[in-house]
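1. Provided below for reference: sequence and predicted model.
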Amino acid sequence: MALHMHNMIHSVTLQYPSSVVAFPVSLGHHALVLRSRSGLQRFRVSKVALSSLRVSPALPFGGISLRDCGRSVGGFGGSSPVKRVREFQAMAVPKVHKAWVYHELGPAKDVLKFEEVAVPEVKPNQVLIKVKAAAINPVDNKRRTGYLGDKDSPLPIVPGYDCAGVVVKLGDQASKFEVDDEVYGMTSEIPVVHPKQWGTLASYTACEDKFLALKPKNLSFEEAASLPLAILTATEGLQKAGCEEGKTVLVLGGSGGVGTHVIQVAKHVLKAAHVTTTGSSKKTEFLKNLGADEVLDYHSTDYTQKPERYDVVYDTVGEGPTKGVKVLKDGGVLVSILTKDPAFRHVVQSKAEVLEMLNPYLESGAVKPIIDPEGRFKFSEVVQAYEYLEAGHATGKVTISPIE
């Protein structure tokens, strides 16, 4: 069996036994990348000397993609090089994939089904991601039980906002990334206002490239997937409240998915002078290791009876508008993610520039992903993952990995 590819300078003929199911997935100046279902890459390259050969673990079997849009690939007639690349990329993506879907509202165990569905279409400003890992969030449960009302997408819905994975296809106007780039992000712009119908608990998801950032090099896909919604919520809320160097911060509920990042970002990124958090006594050491200067045991301490006052109160548990406001300094700001009061409510937006700002802190280890030790679930265990999250005892994030 032989496959012939050409570019404007060289020709490459690849020969291998027909019994080996292998496909070229990238042709560049110095590398031809193969993916083989059997894992065997027995081939001969003629007419051009390639200085290196490697196997890409990222792309699916049968995948074909090109990093360099300036190159042309034989077999597509008279179309332009860029169009030929788009057509070649399309060959890499299956028509259907596995996803968790609900066709009606209700509890996870009653309505979530593991189904084979069509791979999402890629709009001009989007990329298609081969999802490697995802994370779930409390808003998923609210959405599935009707909280969003007429601001939700129509059924059926593939849930999930967070993911990390590999770009496998580019929309015609998507220029921020290349195929094979490892990315992460929150795929809906605002989780509670018309979120995407086709979310991240699936083998593939489509997303606008402006919502995505390159994955920090030192993080696994699972670690990166745990971050976007939670760390964006934390960072944007602190920025909204005017947190900066020298300020004092009180975090109400520091051990949850958002709270763990509020502590880290306030202390290590925005350089707050003093960070206090509420939490249980058994989590004191954990919270101090994140950057908290003081931990108040909510079982035994009423922070409103203490003399300290704060520049910023960040409420992740819902008591900010009734209790948290009592400990604000004059001119202090309270933000809450669990209130409908517009005076205090903070709603996250997907902003790649915030993730990109945070990437150096993540790569240096100053800010760390926090995944609950009991909160790691397989792709086949999404229902159990939601039930665990709904129990309300997670420390950090609940993740779904690996996703094949």
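-> Noted; the coordinates are in hand.
2. so Ile136 sits against Arg143, correct?
-> No. Counting by C-beta atoms under 8 Å, no contact exists between Ile136 and Arg143, whose distance comes to 11.0 Å. To be clear about C-beta, it is placed using only N, CA and C from the backbone, and glycine gets the same treatment.
3. which one of the two is surrounded by more residues?
-> Ile136 (31 against 23; other C-beta atoms under 10 Å).
4. where does the closest residue to that one other than its chain neighbours land on pLDDT?
-> Nearest residue to Ile136, sequence neighbours excluded (C-beta to C-beta, 6 or more residues apart in numbering): Val398, at 5.3 Å. pLDDT for Val398: 98.
5. what's around Val398, how many residues?
-> Counted by other C-beta under 10 Å, the residues lying close to Val398 total 22.
6. just the residues contacting the helix or strand harbouring it, thanks.
-> Using DSSP states H and E, Val398 sits in strand 397-400. Contact partners of strand 397-400, identified using C-beta atoms under 8 Å, 6 or more residues apart in numbering, comprise 133-136, 160, 201, 222, 225-227, 230, 257, 369-372, 375-379, 381-382, 385, 388-389.
7. sheet-wise, list the partners of it with their directions.
-> Here strand 397-400 has these sheet partners by DSSP bridges: strand 126-136 (antiparallel), strand 371-377 (parallel).
8. switch those over to a markdown table; also include mean pLDDT and distance to His97.
-> Shown next, in a markdown table, are the strands paired with strand 397-400 (pLDDT from 0 to 100; distance: least, C-beta to C-beta, whole Å):
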| stretch | mean pLDDT | distance to His97 |
| --- | --- | --- |
| strand 126-136 | 98 | 9 |
| strand 371-377 | 97 | 19 |
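9. quick one, which of those strands is packed in tightest?
-> strand 126-136 (a mean of 27; mean count of other C-beta atoms under 10 Å).
10. next SSE after that strand?
-> The helix or strand immediately downstream of strand 126-136 is helix 138-144, counting by DSSP H and E.
11. restricting to C-alpha, output that following helix in PDB.
-> Output of helix 138-144 as PDB, limited to C-alpha atoms (Å, rounded to 0.1, in the frame of the first residue of the first chain):
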ATOM      1  CA  PRO A 138     -22.200  23.200  40.400                       C
ATOM      2  CA  VAL A 139     -23.800  25.300  37.600                       C
ATOM      3  CA  ASP A 140     -24.100  22.100  35.600                       C
ATOM      4  CA  ASN A 141     -26.600  20.700  38.100                       C
ATOM      5  CA  LYS A 142     -28.600  23.900  38.200                       C
ATOM      6  CA  ARG A 143     -28.800  24.000  34.500                       C
ATOM      7  CA  ARG A 144     -29.900  20.400  34.200                       C
END
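12. got the angle between whichever helix or strand comes after it and strand 126-136?
-> Counting by DSSP H and E, the next helix or strand C-terminal to helix 138-144 is strand 162-170. For strand 162-170 against strand 126-136, the angle by axes from the mean of the first three to the mean of the last three C-alpha atoms, to 10 degrees is 160 degrees.
13. strand 162-170 packs against which elements?
-> Contact partners of strand 162-170 among helices and strands, from 3 or more C-beta pairs under 8 Å, 6 or more residues apart in numbering; DSSP states H and E: helix 81-90, strand 126-136, strand 182-186, strand 204-208, helix 221-225, helix 228-240.
14. reformat those as JSON lines; add distance to Asp110.
-> Shown next, in JSON lines, are the helices and strands packed on strand 162-170 (distance: least, C-beta to C-beta, whole Å):
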{"stretch": "helix 81-90", "distance to Asp110": "37"}
{"stretch": "strand 126-136", "distance to Asp110": "17"}
{"stretch": "strand 182-186", "distance to Asp110": "27"}
{"stretch": "strand 204-208", "distance to Asp110": "24"}
{"stretch": "helix 221-225", "distance to Asp110": "26"}
{"stretch": "helix 228-240", "distance to Asp110": "25"}
